[in-house]
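Chemist: next come a sequence and a model predicted from it.
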Amino acid sequence: MKNFFMIFQEFLYDIAHNFLKPFSGLFKKNSVVEKILIGLEKVGKGAVYNCQMCGECILHSTGMVCSMNCPKTLRNGPCGGVRLNGNCEVKPEMKCVWVRAFENATQMPKYGSEMMWIQAPVDRTMKDSSAWVNIYQEVDPKKMSNWQTEEDNLRLQEMWRVE
Amino acid sequence: MRNTNFTETQFERVLKSGRFAITAELNPPDSADPEEVYRAALILAGVCDGINAVDASGANCHMSSLSICALLTKVGYEPVYQISCRDRNRIAIQGDILGAAALGVRNLLCITGDDVSAGDHPGAKAVFDFDSIQLLRTARKMRDESMYLSGRKITKSPDLFLGAAANPFAPPYDWRPQRLAKKVAAGAQFIQTQYCFDVDKFKEYMRQVRDLGLHDLVYILVGVGPLRSHRAAEFMRSKVPGVVIPDKIVERLKKTPKKEQQKEGKLICMEIIDEVKDIEGVSGIHIMAYRQEELVSEIVLESGFLPRPIKK
């Protein structure tokens, strides 16, 4: 069941991506289109993923779990403080964001292995802007001062293991 | 790649020579007196290859790790400078790395850090501008590419031996070895683990690490330490984030008469060292003896790790 649910989310992500691509020419910073997209992202991703509007969405690379919900806002995996029951060090009543991310990612055949990517530091000026606009405008943080090449990430992806 | 003009640190030299390496944690003073640092360091310096200066561990306020490192390098000791992401943003951290290198600090341990809620100032603002992997990657960039994260040039790059932490004993267990792979890719050359009290779990972790071929790429030092009493064990496992102590160890301490518990704790520690030292891919141990520095020298001596290689 979970397997199906995760594959379905991957499918939705691909659809959104392909649907928006032809319109990406309209995706300009500070445009009306961005305002509309911000609204859609806030409401849509907000409701489903508790989106924090960091403006640099990596949801599909982190098991469709918003990593900005981690109290330490970690982007590359769990800290060493995860409790034995899998709950958060900081919020003992909450399941660790990264434990959820890993569980989900193992069920995601297409994007699961992107958990191995080394994510760049968050550009805080992107907060409350539209991630879709930022992606198509190529203000993508991964491109920031040659952070991590595609080959590096591919090599890491090969180490992804799902039992 | 790394500039060949750089010289190896003593700690790095021991690891590369294949000798079993030993590092120990220095308990940071709550004092402005340098003598307190030197008193603690004096005990450790002769029995280990690197002295870890912790960065407000457990989010409790102490003398800063950079200042401890500065005091240690001044007299020729070799510190391992711990930087956590909790208290400083990318601007402060990169500045500190340059400053540390200028002071002769060479070994850098990049960690996420315990949350402020664990310490004595739970109302403080937690920063976490970087995570540990981003911090590692940035330090590597400063060293190998002579530039800040922004791309701006550094005229003399810091000569660093880069390390990271690992906790094989916290969920999600199956991803921990792969997360180690990320740290190695980001630049980690050595790893110091969280306290190991569950050798079986650690063996399984190391098996997965070897499957990924990581043991050939990074030196792994296993975190160990003596438990002072069964109360200390209970406290640590309930209050210190990330420390896992199996029931059987707590029970064993509980059954021991109170006066003998410290001795028993030391014995348990030495038994664990004896078991982990022969695991393939283990390059050394990292001893964390909270307020029991005098025990570190006993443990190293009685485990047969003396004398340490001579410092060049």
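Modeler: Arrived safely.

Chemist: use CA for all of it now, contacts and neighbours both
Modeler: Fine.

Chemist: which residue would be the closest one in chain B to chain A?
Modeler: residue B:242 (4.1 Å; C-alpha to the nearest C-alpha).

Chemist: how many other residues sit next to that residue?
Modeler: Neighbourhood size, residue B:242 [other C-alpha atoms under 10 Å in any protein chain shown]: 24.

Chemist: and residue B:189, by the same measure?
Modeler: Residue B:189 has 19 neighbours, counted by other C-alpha under 10 Å.

Chemist: repeat that for residue B:119.
Modeler: Neighbours of residue B:119 under the rule other C-alpha under 10 Å: 18.

Chemist: give me every residue that touches it.
Modeler: Applying C-alpha atoms under 8 Å, 6 or more residues apart in numbering or on different chains, we find residue B:119 in contact with B:58-61.

Chemist: now the residues you listed as JSON lines including neighbour count and distance to chain A?
Modeler: As requested, the contacts of residue B:119 are arranged in JSON lines below (neighbours: other C-alpha atoms under 10 Å in any protein chain shown; distance: C-alpha to the nearest C-alpha, whole Å):
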{"residue": "B:58", "neighbour count": "18", "distance to chain A": "11"}
{"residue": "B:59", "neighbour count": "22", "distance to chain A": "12"}
{"residue": "B:60", "neighbour count": "16", "distance to chain A": "15"}
{"residue": "B:61", "neighbour count": "15", "distance to chain A": "18"}
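
Chemist: of these, closest to residue A:120?
Modeler: residue B:59 (25.1 Å; C-alpha to C-alpha).

Chemist: can you check the pLDDT for that closest one?
Modeler: At residue B:59, the model reports a pLDDT of 95.

Chemist: residue B:121 versus that one, what's the distance?
Modeler: For residue B:59, the distance to residue B:121 equals 8 Å [C-alpha to C-alpha, to the nearest Å].

Chemist: just residue B:306 next, same as before
Modeler: Remark: distance between residue B:306 and residue B:121 (C-alpha to C-alpha) = 40 Å.

Chemist: can you check residue B:163 too?
Modeler: According to C-alpha to C-alpha, residue B:163 and residue B:121 sit 27 Å apart.

Chemist: comparing these two, which residue is more hemmed in?
Modeler: residue B:163 (25 against 12).

Chemist: how much space between residue B:8 and residue B:311?
Modeler: From residue B:8 across to residue B:311, the span is 12 Å (C-alpha to C-alpha).

Chemist: looking at those two, which one has more neighbours?
Modeler: Using other C-alpha under 10 Å as the criterion, residue B:8 and residue B:311 rank with residue B:8 on top: 16 against 13.

Chemist: quick one: secondary structure of the more buried one?
Modeler: Three-state assignment for residue B:8 (DSSP: H, G, I helix; E, B strand; the rest coil): coil.

Chemist: residues in contact with the closest residue to chain B within chain A?
Modeler: Chain B sits closest to residue A:81 of chain A, with a gap of 4.1 Å, by C-alpha to the nearest C-alpha. Each residue near residue A:81 by C-alpha under 8 Å, 6+ apart is listed here: A:88-89, B:114, B:170, B:241-243.

Chemist: how about a cut-off of 10 Å?
Modeler: A:87-90, A:96, B:112-115, B:167, B:169-171, B:240-243 (C-alpha atoms under 10 Å, 6 or more residues apart in numbering or on different chains).

Chemist: buried set for stretch B:71-87?
Modeler: Neighbour counts over stretch B:71-87 (16 or more other C-alpha atoms under 10 Å in any protein chain shown) mark B:71-73, B:77-87 as buried.

Chemist: in JSON lines, list those along with pLDDT, secondary structure and distance to chain A.
Modeler: Shown next, in JSON lines, are the buried residues of stretch B:71-87 (pLDDT from 0 to 100; DSSP: H, G, I helix; E, B strand; the rest coil; distance: C-alpha to the nearest C-alpha, whole Å):
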{"residue": "B:71", "pLDDT": "98", "secondary structure": "helix", "distance to chain A": "29"}
{"residue": "B:72", "pLDDT": "97", "secondary structure": "helix", "distance to chain A": "28"}
{"residue": "B:73", "pLDDT": "96", "secondary structure": "helix", "distance to chain A": "29"}
{"residue": "B:77", "pLDDT": "95", "secondary structure": "coil", "distance to chain A": "29"}
{"residue": "B:78", "pLDDT": "95", "secondary structure": "coil", "distance to chain A": "26"}
{"residue": "B:79", "pLDDT": "97", "secondary structure": "strand", "distance to chain A": "23"}
{"residue": "B:80", "pLDDT": "98", "secondary structure": "strand", "distance to chain A": "19"}
{"residue": "B:81", "pLDDT": "98", "secondary structure": "strand", "distance to chain A": "19"}
{"residue": "B:82", "pLDDT": "98", "secondary structure": "strand", "distance to chain A": "15"}
{"residue": "B:83", "pLDDT": "98", "secondary structure": "strand", "distance to chain A": "15"}
{"residue": "B:84", "pLDDT": "98", "secondary structure": "strand", "distance to chain A": "12"}
{"residue": "B:85", "pLDDT": "98", "secondary structure": "coil", "distance to chain A": "9"}
{"residue": "B:86", "pLDDT": "98", "secondary structure": "coil", "distance to chain A": "8"}
{"residue": "B:87", "pLDDT": "98", "secondary structure": "coil", "distance to chain A": "11"}
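
Chemist: residue most distant from the centroid, chain B?
Modeler: For chain B, the largest distance from the centre (C-alpha atoms, centre = their mean) belongs to residue B:257, which lies 31.8 Å off.

Chemist: identify the residues contacting that one.
Modeler: By C-alpha under 10 Å, 6+ apart, residue B:257 lies in contact with B:229, B:264.

Chemist: per-residue pLDDT of it, please?
Modeler: Residue B:257 is given a pLDDT of 97.

Chemist: over to residue A:123?
Modeler: 91.

Chemist: that one contacts residue A:57, correct?
Modeler: No - assessed by C-alpha atoms under 10 Å, residue A:123 is found out of contact with residue A:57, at 11.4 Å.

Chemist: which of those two has more neighbours?
Modeler: Higher neighbour count among residue A:123 and residue A:57: residue A:57, with 20 against 15, using other C-alpha under 10 Å.

Chemist: pLDDT score assigned to residue A:140?
Modeler: On the pLDDT scale, residue A:140 gets 55.

Chemist: check contacts around residue A:112.
Modeler: Counted by C-alpha under 10 Å, 6+ apart, residue A:112 has contacts A:6, A:10, A:60-64, A:101-106, A:157, A:160-162.

Chemist: how about the nearest residue to the residue of chain B closest to chain A, chain neighbours excluded?
Modeler: residue A:81 (4.1 Å; C-alpha to C-alpha, 6 or more residues apart in numbering or on different chains).

Chemist: element containing the one you found, please.
Modeler: Assessed by DSSP states H and E, residue A:81 sits outside every helix and strand.

Chemist: equivalent analysis for residue A:85, please.
Modeler: Using DSSP H and E, residue A:85 falls within no helix or strand.

Chemist: just confirm it contacts residue B:173, I think it does.
Modeler: No - judged on C-alpha under 10 Å, residue A:85 makes no contact with residue B:173 at a distance of 11.7 Å.

Chemist: for these two, work out which one has more neighbours and name it.
Modeler: Counted by other C-alpha under 10 Å, residue A:85 and residue B:173 do not tie: residue B:173 has more neighbours, with 16 against 12.

Chemist: quick check: phi and psi at that one.
Modeler: Backbone geometry at residue B:173, expressed as degrees, to the nearest 10, gives phi -60, psi -40.
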